[in-house]
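# Give me a 3D structure for the following:
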Amino acid sequence: MEREKAILAYGFTKEEKNLIGMLKIRHKIKKVIYLSNNMGESKVFDVLNDVFAISNEVNLPEEKLLLFDMFSDKELAIIVDAVKSTIKGYPIMATITPISINWSLSYLMQHLVQEREEFKLRKMMKNKEKP
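Numbers count the residues shown, from 1 in each chain. I've put the predicted structure just below:
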C-alpha cells in the first residue's frame, strides 16, 4: 500500500481539531488521524494504515503531538509555520522517519518528549553562558 501525506494528531481540544481540519483543507492534506490516549501500543506504521491497538495498559502522556508523514521539506516548513500561527502553545512536531515508523506511539512520544526537554536544557545552559 502506497503511503500518502498524513498527519497524526494527539492531545488537541475540539476547537484545535477544527483548526487542524482547516489546515488539512487549505494545504490539501489527504489524511489526519486523531489519536486517543489508549493507543500507546499501536505502531506508527499500523496507525497510518488504519490499524489500531487499543489498550488501557499503555496510555499516552498529556501532550500535544503532530506527526507528519510524506511531506516534502518545503511543504513541512509551510505547514509548521501555519500550525505555529494557528494553534496556541507549542505542540511537539516531528516527521515520521524510516526508523520511527516501526515504533509504538508511546515509545515515540517518550523519545520526542525527552528530546524536547534536552533541547530546553541546552538552550537554558547556552543562555547562562552568555555574558
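# Give me the buried positions along the worst-scoring helix or strand of the chain on mean pLDDT.
Lowest by mean pLDDT, DSSP states H and E among the helices and strands of the chain is helix 105-129, with a mean of 88. Residues of helix 105-129 classed as buried by neighbour count (16 or more other C-beta atoms under 10 Å): 105-109, 112. For the C-beta atoms, the positions are set from N, CA and C on the backbone; glycine is no exception.
# can you check stretch 48-64 too?
48, 52, 58, 60, 64.
# Let me know the average pLDDT across that stretch.
Averaging pLDDT along stretch 48-64 gives 88.
# which stretches of the chain form helices?
Secondary structure of the chain by DSSP state H: the helices cover 14-26, 44-48, 73-86, 105-129.
# Could you work out which of the ones you listed reaches nearest to residue 3?
helix 44-48 (6.3 Å; C-beta to C-beta).
# Need the residues that contact that closest one.
For helix 44-48, the external contacting residues (C-beta atoms under 8 Å, 6 or more residues apart in numbering) are 3, 6, 8, 33, 35, 39, 52-53, 67, 69, 96, 100-105, 108.
# Can I get the buried ones among those as something I can paste into PyMOL?
To isolate the buried ones among the contacts of helix 44-48 in PyMOL, judged by 16+ other C-beta under 10 Å, type:
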select buried, resi 6+8+33+35+39+52+67+69+96+100+101+103+104+105+108
